[in-house]
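>>> Quick one, what's the 3D model for this:
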Amino acid sequence: MNENTKFAAVGWPLTLAAAAILGSLALACMMPFVALATLAAVTMSRAQAVITVAGIWAVNQLMGFGMFGYPLNAYALGWGAALGAASMAALVVARSFAGIAPRALPTPMRIAAAFGLAFVSYEVFLFGFALVAGGTETFTAAIVGQILANDALWLVGLGLLYTVLQRTAPNLFGPALALRPR
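Got it, this is the predicted structure:
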């Protein structure tokens, strides 16, 4: 494995992680987990995507509890775990769609559909958790819409960043953006 291949295996995951850290600092409670999971699903191998999403979630939680003072109680820890599980569910849904997406659709449409399905699964998972743990009052149309808009903007922005990075340094950032059901 040459140096370019080694970096390509970590370059994009590290770029997503850096974006997540900056996003955590700017928007502590609106981390775009679905956007990050979708991009990982469509640009990385299964193992790399799982490690990337889990790492992003872990860093977000460490920052939340360590820097932002999230309370160390069962409720907050439970919601943290639920966010991680919901992010993994979003990743699985986006990857599953990647495996069955009609190839006749242009890549941006397939990615948008994967994102939409992943977002629904993420929110349904979290709502199910809220039914048990409490917090269903945060699932208003306005709040869910704001989260959707935030994630969609991150998806577009990071997708464009990936396209630019891949086109300017394909040996460092891997193949062109496409649905990859590996």
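
>>> so how far is the helix or strand encompassing Arg167 off the chain centroid?
Arg167 belongs to helix 141-168 when assigned by DSSP states H and E. Averaging C-alpha positions (C-alpha atoms, centre = their mean, to the nearest Å) puts helix 141-168 10 Å from its chain's average.

>>> tell me which residues of it are tucked away?
If you call a residue buried by 16 or more other C-beta atoms under 10 Å, then helix 141-168 has these buried ones: 147-148, 150-152, 154-155, 158-159, 161-162, 165-166. To be clear about C-beta, it is placed using only N, CA and C from the backbone, and glycine gets the same treatment.

>>> biggest separation within those, which pair?
Ile147 and Gln166 (27.7 Å; C-beta to C-beta).

>>> now the helices for this protein?
Using DSSP state H, the helices of the chain run over 3-26, 33-43, 46-66, 74-100, 107-133, 141-168, 170-173.

>>> Could you give the average pLDDT over the shortest one?
Averaged over helix 170-173, pLDDT sits at 75.

>>> so Tyr162 sits right up against Trp12, yeah?
Yes. The criterion here is C-beta atoms under 8 Å, and Tyr162 meets it with Trp12 at 6.5 Å.

>>> Which neighbours do the two have in common?
Thr43, Phe173 (C-beta atoms under 8 Å, 6 or more residues apart in numbering).

>>> Next, count neighbours for Leu16.
25 (other C-beta atoms under 10 Å).

>>> From Pro71, how far off is it?
Here Leu16 is placed at a distance of 28 Å from Pro71 (C-beta to C-beta, to the nearest Å).
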